[in-house]
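**Q** heads up, no residue letters with this:
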């Protein structure tokens, strides 16, 4: 039911993300991946705080060791969100780390610097590849191969006053104001054939905005302050679904095993009290009422035999305010619930 579970998650590795408990974190504060493009594809964990401190760990085994902390750097501004993707035009395979600050978006490369084996084997060096100053205060971002881009990821930044700015790697492409906007909501990207940004607005509607429509209507220009007050200049939704409640998060994944071919994905929205499964046309396929207040949502691919030519099937993770972690399988059934030491603000699977 999502309440207290008789099972407890077994802690394999843990460390503090705050020095002396003086730092705070929010949703989107963590990114997991092969941040330094190691040929062995080892996983690293990056966490950013509102104090502007970026830390990168490389767990070397069960339980924390001092050498697991590979990088600790003050970036000089609050860190709102982290993301790992192909954000540089110099490579179609190497990934970079995107860091969102209130007034700028920075993309960094992480490189490994060799060191003595007795001292932990080395550390990481952070190199700024490029940055974009933002005209309006940022709230969150999403990324993906917008417009069916090959070997690259673009970034869409949502501001506090409803402007969606598209950043195509080293270039700011265009921006557009979202309609029916009061406060920003969660933001996600749904790939081709939908090729759209998914968000939940102040009217408690889940809206989809196609990238190609936004690009064409903006004529490749940034929105002006005057456009903010003109309804005709705002973005037009491809579809809108009335959820009846606000949302905490959105994840786009293939949670339904029977989906095949292009567009084989579900749009899973975490509401205040309900988890919604939407199809790519914006229809509600299923919904589940939660007995507790949720805090975050994530998805992870499961192993064979459910993986097909349409890609892997994903399980969905939901964190709750009571410290529970709920796991939903490909049939949208709750298959596991475990108690965590505290309420999660972000979940991911290494």
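**A** Now that the structure is in, tell me what you want to look at. As the structure is a computational prediction, the values presented were derived from the model and not from experiment.

**Q** isn't residue 131 right up against residue 108?
**A** No: counting by Cβ atoms under 8 Å, residue 131 stays clear of residue 108, with 9.3 Å between them. Where C-beta positions appear, they are placed from N, C-alpha and C, glycine not excepted.

**Q** Please give me every residue in contact with the residue lying closest to residue 30 once chain neighbours are set aside.
**A** Nearest residue to residue 30, sequence neighbours excluded (Cβ to Cβ, 6 or more residues apart in numbering): residue 346, at 4.6 Å. By Cβ atoms under 8 Å, 6 or more residues apart in numbering, residue 346 lies in contact with 25, 27-30, 296, 298, 319.

**Q** Now render these as JSON lines, adding secondary structure and neighbour count.
**A** Output for the contacts of residue 346, formatted as JSON lines (DSSP: H, G, I helix; E, B strand; the rest coil; neighbours: other Cβ atoms under 10 Å):
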{"residue": "25", "secondary structure": "coil", "neighbour count": "17"}
{"residue": "27", "secondary structure": "coil", "neighbour count": "17"}
{"residue": "28", "secondary structure": "coil", "neighbour count": "23"}
{"residue": "29", "secondary structure": "coil", "neighbour count": "19"}
{"residue": "30", "secondary structure": "strand", "neighbour count": "18"}
{"residue": "296", "secondary structure": "strand", "neighbour count": "21"}
{"residue": "298", "secondary structure": "strand", "neighbour count": "21"}
{"residue": "319", "secondary structure": "strand", "neighbour count": "23"}
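
**Q** Considering those residues, which is situated nearest to residue 330?
**A** Closest approach to residue 330 among the contacts of residue 346 (Cβ to Cβ): residue 298, at 15.5 Å.

**Q** so where do the helices sit in the stretch 201-350 of the chain?
**A** Read by DSSP state H, counting those that start in this stretch, the stretch 201-350 of the chain holds these helices, from start to end of the chain: 211-218.

**Q** With neighbour numbers in mind, choose between residue 131 and residue 108.
**A** Higher neighbour count among residue 131 and residue 108: residue 108, with 24 against 14, using other Cβ atoms under 10 Å.

**Q** Which positions in the helix or strand encompassing the more buried one come out as buried?
**A** Using DSSP states H and E, residue 108 sits in strand 104-114. Residues of strand 104-114 classed as buried by neighbour count (16 or more other Cβ atoms under 10 Å): 105-110, 112.

**Q** Also stretch 194-208?
**A** So, applying 16+ other Cβ under 10 Å, buried residues of stretch 194-208: 194-201, 204-208.

**Q** measure residue 265 to residue 311 for me?
**A** Between residue 265 and residue 311 the computed distance is 8 Å (Cβ to Cβ, to the nearest Å).

**Q** Could you pull out the residues contacting both of those two?
**A** Listed as contacting both residue 265 and residue 311 by Cβ under 8 Å, 6+ apart are residue 254.

**Q** who has more neighbours, the two?
**A** More crowded of residue 265 and residue 311, by other Cβ under 10 Å: residue 265, with 22 against 14.

**Q** any idea how far the residue lying closest to the more buried one once chain neighbours are set aside is from residue 264?
**A** The shortest distance from residue 265 to any non-neighbouring residue, by Cβ to Cβ, 6+ apart, is to residue 254 (5.1 Å). Residue 254 is 5 Å from residue 264, where distance means Cβ to Cβ.

**Q** any shared contact partners between these two?
**A** Overlap of the contact sets of residue 254 and residue 264 (by Cβ under 8 Å, 6+ apart) consists of 310-311.

**Q** So these two - more neighbours on which side?
**A** Legend: neighbour count by other Cβ under 10 Å for residue 254 and residue 264, higher for residue 254 (22 against 18).

**Q** Identify the residues contacting the more buried one.
**A** Shown in contact with residue 254 (Cβ under 8 Å, 6+ apart): 264-266, 310-314.

**Q** cool, residue 347 as well?
**A** By Cβ under 8 Å, 6+ apart, the contact list for residue 347 reads 296-298, 317, 319, 325.

**Q** so who does the nearest residue to it once chain neighbours are set aside touch?
**A** Leaving aside its sequence neighbours, residue 347 sits nearest to residue 298 (Cβ to Cβ, 6+ apart; 4.2 Å). Residues near residue 298 by Cβ under 8 Å, 6+ apart: 251, 316-317, 346-349.

**Q** Same question for residue 141.
**A** By Cβ under 8 Å, 6+ apart, the residues touching residue 141 are 81, 83, 98, 100, 105, 155-158, 187.

**Q** now do 7 Å
**A** By Cβ atoms under 7 Å, 6 or more residues apart in numbering, the contact set of residue 141 is 81, 83, 100, 155-158, 187.

**Q** what separates the closest residue to residue 45 other than its chain neighbours from residue 214, distance-wise?
**A** The shortest distance from residue 45 to any non-neighbouring residue, by Cβ to Cβ, 6+ apart, is to residue 57 (4.8 Å). From residue 57 across to residue 214, the span is 37 Å (Cβ to Cβ).

**Q** Same check on residue 160?
**A** From residue 160 to residue 214 the distance is 19 Å (Cβ to Cβ).

**Q** quick one: which of the contacts of residue 298 sit in strands?
**A** Of the contacts of residue 298, the ones assigned to strands by DSSP state E are 251, 316-317.
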